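Student: pasted the sequence and its predicted model underneath.
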Amino acid sequence: MPAIRFGAHVGQQNLDFATLRATWRMLDDAGVDWISAWDHFYEAPPAGGTQPHYEALATLGALAADTRHARIGCLVFYVGYRNPALLAKAATTLDHISNGRFELGLGAGWHHWEATAYGYDFPDIGTRLDMLDEATVLIRHMLTEERTTFDGQHFRTDDASCLPRPLQARLPIWIGGVGEKRTLRLVARHADGWNAAYVAPAEFARLSGVLDQWCEVEDRDPRSIRRGINLSFHLGLDQADAERERTRMNQDWGPMVERVREGALMGTPAEALETIEAYLDAGATDVNVALRAPWNEAALERYLKECLPKLRKYVSVS
């Protein structure tokens with residue numbers, strides 16, 4: 001069984017860059033196993049581009065340089081925003097900056113508001129999944145082969161090299177999403193890891209079972225795929241504090257709150273332990289708290305100092 005990892009998915013929005021860098025360093029010093037950014041031009045949840053937000057690739061360069069221990073990545077890059085060959089080149093560069101700690105996440109995208117605002121086509125989900133399929137194949141080839149010629153419907157390269165090679169012999173590729181017919185099959189076919197966001201433990205277990213079925217179809221060992229969950233962080237120090245966080249989540253997400261409520265880390269730190277243990281029992285190998293500024297700093301500190309050691313002990317005796 002893969003080693004269990006506990007990480008943080010830090011949104012680069014609504015805070016200044018000095019604070020963002022200090023947050024990464026604090027998380028790295030606290031011993032988290034993973035730190036990621038997300039790939040948006042506008043804030044998430046959507047607010048019409050009214051909150052400050054940094055671009056993902058440039059952000060990851062700073063994250064790679066600022067940290068020393070945690071694995072780093074993006075969960076996930078929308079393949080419609082950048083040529084996949086460029087992403088392969090960027091992934092290699094980030095792997096060198098981080099001394100071999102980078103993992104590449106890919107997805108079919110969802111934030112059509114920002115795509116429209118920035119002038120990107122945002123085709124139907126079937127087309128975007130076709131793009132994801134092509135992009136993953138192209139990127140894997142670029143990261144592992146001397147030359148890549150690829151002539152797809154959406155992307156192409158002509159005898160392209162990607163030098164220097166990544167420091168890792170096999171730079172991990174993640175695919176994010178919960179689509180049962182296409183996305184999970186693409187995970188089984190191409191990916192080293194699968195990431196789901198904001199689903200309940202029972203649903204995570206069910207989707208993981210669907211992934212196992214696709215692994216059988218694709219003749220893939222299901223144990224070779226890491227399985228991650230992102231949980232929106234809304235912990236409080238006590239019940240009154242937790243209720244304020246619940247109210248804030250409802251205000252932030254508005255009509256989209258149902259999308260994340262089942263996969264939010266709510267309540268007190270003691271309750272958080274039970275929630276995360278349920279995901280571990282459901283088969284998660286990676287549990288990431290998703291931070292959107294402003295978060296409850298005191299609750300995050302307690303999570304890192306008290307919850308993580310208990311979770312690691314739980315894993316060691318399970």
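Tutor: It's in.

Student: how many neighbours does the closest residue to residue 221 other than its chain neighbours have?
Tutor: In this structure, residue 221 finds its nearest non-sequential neighbour in residue 215, 7.0 Å apart by Cβ to Cβ, 6 or more residues apart in numbering. Placement of C-beta: from N, CA and C, glycine included. Neighbour count for residue 215, taken as other Cβ atoms under 10 Å: 20.

Student: show me what contacts residue 129?
Tutor: Residue 129 makes contact with 108, 179, 182, 183, 186, according to Cβ atoms under 8 Å, 6 or more residues apart in numbering.

Student: what about the helix or strand encompassing it, average pLDDT?
Tutor: If you go by DSSP states H and E, residue 129 is part of helix 125-144. If you average the pLDDT over helix 125-144, you get 98.

Student: okay, that helix in CSV with CA atoms only?
Tutor: Output of helix 125-144 as CSV, limited to C-alpha atoms (Å, rounded to 0.1, in the frame of the first residue of the first chain):
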residue,chain,number,x,y,z
ILE,A,125,-17.1,18.4,-21.6
GLY,A,126,-16.7,15.6,-24.1
THR,A,127,-14.3,17.7,-26.2
ARG,A,128,-12.4,18.8,-23.0
LEU,A,129,-12.0,15.2,-22.0
ASP,A,130,-10.6,14.3,-25.5
MET,A,131,-8.1,17.2,-25.0
LEU,A,132,-7.2,15.8,-21.6
ASP,A,133,-6.6,12.3,-23.1
GLU,A,134,-4.3,13.7,-25.8
ALA,A,135,-2.5,16.1,-23.5
THR,A,136,-1.7,13.3,-21.0
VAL,A,137,-0.2,11.1,-23.7
LEU,A,138,1.8,13.9,-25.2
ILE,A,139,3.2,15.1,-21.8
ARG,A,140,4.2,11.6,-20.7
HIS,A,141,6.0,11.1,-23.9
MET,A,142,7.8,14.4,-23.6
LEU,A,143,8.9,13.6,-20.1
THR,A,144,10.3,10.2,-20.9
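
Student: list the buried ones in the following helix or strand past that helix?
Tutor: Following helix 125-144 in sequence order, the next helix or strand is strand 148-151 (DSSP H and E). Buried residues in strand 148-151, counted by 16 or more other Cβ atoms under 10 Å: 148, 150.

Student: given strand 148-151, what are its sheet partners and their directions?
Tutor: Strand 148-151 has its sheet partners listed here by DSSP bridges as strand 156-160 (antiparallel).

Student: who's in contact with the helix or strand bottoming out on mean pLDDT in the chain?
Tutor: In the chain, no helix or strand scores lower on mean pLDDT, DSSP states H and E than helix 257-261, which sits at a mean of 88. By Cβ under 8 Å, 6+ apart, the residues outside helix 257-261 that reach it are 197, 198, 232, 249, 250, 253.

Student: let's see that with 6 Å instead.
Tutor: The contact list for helix 257-261 (Cβ atoms under 6 Å, 6 or more residues apart in numbering) reads 198, 232, 250, 253.

Student: do stretch 67-86 as well
Tutor: Contacts for stretch 67-86 (Cβ under 6 Å, 6+ apart): 9, 24, 28, 32, 34-37, 39, 56, 63-64, 98, 101-103, 105-107, 109, 131-132, 135, 138-139, 142, 155, 157, 160, 176, 195.

Student: mean confidence for it?
Tutor: 98.

Student: buried ones in that stretch?
Tutor: The neighbour-count criterion (16+ other Cβ under 10 Å) identifies 67, 70-82, 84-85 as the buried residues of stretch 67-86.

Student: do stretch 292-309 as well
Tutor: By neighbour count on 16+ other Cβ under 10 Å, the buried set for stretch 292-309 is 292, 293, 295, 296, 299, 300, 302, 303, 304, 307, 308.

Student: got the end-to-end distance for it?
Tutor: 23 Å (Cα to Cα, to the nearest Å).

Student: surely the residue nearest to residue 221 meets residue 222?
Tutor: Yes: using Cβ atoms under 6 Å, residue 215 is in contact with residue 222, at 4.1 Å.

Student: before we move on, back to that, got the contacts of helix 257-261 as TSV, with distance to residue 149 columns?
Tutor: Converted to TSV, the contacts of helix 257-261 look like this (distance: Cβ to Cβ, whole Å):
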residue	distance to residue 149
198	39
232	42
250	51
253	44
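
Student: so which of those is the most crowded?
Tutor: residue 232 (24 neighbours).

Student: that one bridge partners, please.
Tutor: Applying DSSP bridges to residue 232 gives these bridge partners: residue 264, residue 290.

Student: what's the answer for residue 193, then?
Tutor: residue 174, residue 226.

Student: who's in contact with it?
Tutor: With Cβ under 6 Å, 6+ apart, residue 193 has these contacts: 172, 174, 226.
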